[in-house]
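# Structural data only, the sequence is not supplied:
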DNA sequence: AATCGTTCCTGATAGC
DNA sequence: TGCTATCAGGAACGAT
């Protein structure tokens, strides 16, 4: 599933490939992926617009058009956004296709249909964007900021870190990977974390995300980058999808349990 | 205000 | 073998 490192990888790919491209025809194989306005109006509105740049906020991709409108795309679990050449085979779950004048195309595919595409002139005014918390890779994210963001939270640290209004962009994989690096159990109550553990957690989150971006993300399921290729951070996972294997830190067996309805991988020995 | 349960969806897989 | 039931999960939403 695409989380911050995957979405950032796609952003970098597309920001290299798309600016300057003029949108021609738009095909809606599953028009329901477009939210807010009907597909017909959507395609009419963006036809002829030129792509200016591709940016990101949390797990949202923002494609800025020269008309002043912005496409806001969330990939959710199985969304893939890739630039294709004319002769490339369309993905089985292609939902929305943007054709360019040079014959290439931008394809949004999405097996489970959870993903969404919106069109707006004021992305920062969208409620789901407005309420997002701190970007963990921006310089303003310091240990003191993390401490302040976690203050007053009583729930399990895993749940709080998944809350996009606290930190923006972490999902199941990177929360679990960061907690293992920090030596903190996912179930640990947030209000019992000491300052030095919050410092460790801050550093674990930052390092995990940076290393994952360097490895072009984790392809555990359907994730592909902006050119349709897999990432390789999954081979560096310390806990995620490693049930029954030995902990790379202490040798104990990694366990998987359902916690609050989500698969949770962790090492019961070195995470407390 | 924080937190919980439900919902969306389809392909893979477990179980019979 | 072939069918059916179960499961995975980000985040909006409604309820508490």
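Perfect, thanks for sending it. Just so it is clear, the structure is predicted and the values come from calculations on it, not from any experiment.
# Write out the residues of the stretch 1-150 of chain A neighbouring DNA strand B.
A:32, A:92-93, A:111-114 (Cβ under 7 Å from any atom of the strand). For the C-beta atoms, the positions are set from N, CA and C on the backbone; glycine is no exception.
# Would you agree residue A:254 is in contact with residue A:270?
No. Counting by Cβ atoms under 8 Å, residue A:254 does not reach residue A:270; the two are 10.4 Å apart.
# wait, what's in contact with the nearest residue to residue A:83 once chain neighbours are set aside?
Among residues not flanking residue A:83 along the chain, residue A:17 sits closest, at 4.7 Å (Cβ to Cβ, 6 or more residues apart in numbering). Neighbour list for residue A:17: A:83, A:226-227 [criterion: Cβ atoms under 8 Å, 6 or more residues apart in numbering].
# Most neighbours among those residues, which one?
residue A:226 (22 neighbours; other Cβ atoms under 10 Å).
# Let's verify that one: helix, strand, or coil?
coil (DSSP: H, G, I helix; E, B strand; the rest coil).
# That one contacts residue A:7, correct?
No. Residue A:226 is beyond contact range of residue A:7, at 10.3 Å (criterion: Cβ under 8 Å).
# Look at the residue of the stretch 51-200 of chain A at minimum distance from DNA strand C and say how many residues are nearby.
Proximity to DNA strand C, evaluated over the stretch 51-200 of chain A using Cβ to the nearest atom of the strand, is greatest for residue A:128 at 3.2 Å. Residues lying near residue A:128 (other Cβ under 10 Å) number 15.
# Which of the three states applies to it?
Quick answer, by three-state DSSP: residue A:128 is helix.
# so who does it touch?
residue A:60.
# Tell me how far it lies from residue A:47.
Residue A:128 sits at a distance of 26 Å from residue A:47 (criterion: Cβ to Cβ, to the nearest Å).
# before we move on, back to that, when residue A:254 and residue A:270 are compared, which one has more neighbours?
Using other Cβ under 10 Å as the criterion, residue A:254 and residue A:270 rank with residue A:254 on top: 22 against 16.
# How many neighbouring residues does the closest residue to residue A:155 other than its chain neighbours have?
Distances taken as Cβ to Cβ, 6+ apart place residue A:190 nearest to residue A:155, at 6.0 Å, with adjacent residues excluded. Neighbourhood size, residue A:190 [other Cβ under 10 Å]: 20.
# pLDDT score for residue A:190?
Residue A:190 is assigned 91 on the pLDDT scale.
# Give me the phi and psi angles of it.
phi -60, psi -40 (degrees, to the nearest 10).
# How about residue A:120?
According to degrees, to the nearest 10, residue A:120 has phi -150, psi 160.
# who does it bridge with?
residue A:70 (DSSP bridges).
# tell me the pLDDT at it?
So residue A:120 comes in at 92 (pLDDT).
# And for residue A:41?
pLDDT, residue A:41: 92.
# residues contacting it?
Applying Cβ under 8 Å, 6+ apart, no residues qualify as near residue A:41.
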